[in-house]
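S.K.: how would this look folded up:
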Amino acid sequence: MTIQVEFATPNHIDIRVNGLMLRDDVDSTKYQIHDLMQEHGKCMVMIRLESGLLGMQALVSWDDIDVDHYIKEHIIRLAVVGDLRWRDSALLYLFNSMVPFQIEYFPSAHEELATAWLTHPVDVASNG
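M.R.: Model (predicted):
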C-alpha cells in the first residue's frame, strides 16, 4: 500500500504517502481514519508526502464516499508536509470541497514547524 496510517495520542493521526496514490488506497485509508475518529474523537492530522511520491491517480477525490463528511467534521487541523512541487495538487485535492478546519502546507524541511503548528491550541473565536 502506498499510504500508511498511524494513531498517536493525544488524538493525532499520522499519514505517510509514497508511490502513486490509487483510488482504492485512498478510499481504504479514509475508512481507517473514520474508524480511528469514531474510537478516539476529533483528531489533528499530519500528512507526510514522502520523497518517493509519484502522484495521484485521476479521479481521486476527498468528497466521494460515505465517510468523507464524518472525517471532515472530526479533523481539528490538518498539516501537509512535502516537496513544494506537490503543494498545488495536495491543496486542490483537500480543497475539493469546503472544509471546516485549517489546512497548512509545509516544505519537507519544516516538519518540526508543521508539528508545532498542528499541536498549537486552536483559538475557537478566531478559528485558528
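
S.K.: Any regions of the protein where pLDDT drops low?
M.R.: Confidence mapping of the chain against pLDDT under 70 gives the ranges 1, 58-63, 95-97, 122-128.

S.K.: Longest helix in it, by number of residues?
M.R.: The residue-count maximum for a helix in the chain (DSSP state H) belongs to helix 23-40.

S.K.: Now do the next helix or strand after that helix: everything it contacts.
M.R.: Remark: after helix 23-40, the chain's next helix or strand is strand 43-56, criterion DSSP states H and E. For strand 43-56, the surrounding residues in contact (CB atoms under 8 Å, 6 or more residues apart in numbering) are 7, 11-21, 33, 36-37, 74-83, 86, 89-90, 93, 108, 111, 114-115, 118-119. The C-beta positions use only the backbone N, C-alpha and C, and glycine is treated the same way.

S.K.: Restricted to buried residues, select those in PyMOL.
M.R.: This is the PyMOL syntax for the buried subset of the contacts of strand 43-56, where burial follows 16 or more other CB atoms under 10 Å:
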select buried, resi 7+11+12+13+15+16+17+18+21+33+36+37+74+75+76+77+78+79+80+81+82+86+90+93+114+115+118
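
S.K.: Quick one: mark the members of the contacts of strand 43-56 that sit in strands.
M.R.: Among those, the members falling in strands (DSSP state E) are 7, 12-21, 75-82.

S.K.: Report the separation between Arg85 and Ser108.
M.R.: As judged by CB to CB, to the nearest Å, Arg85 and Ser108 stand 11 Å apart.

S.K.: Sorry, slip of the keys, the one I care about is Asp27.
M.R.: Distance, Asp27 to Ser108, using CB to CB: 26 Å.
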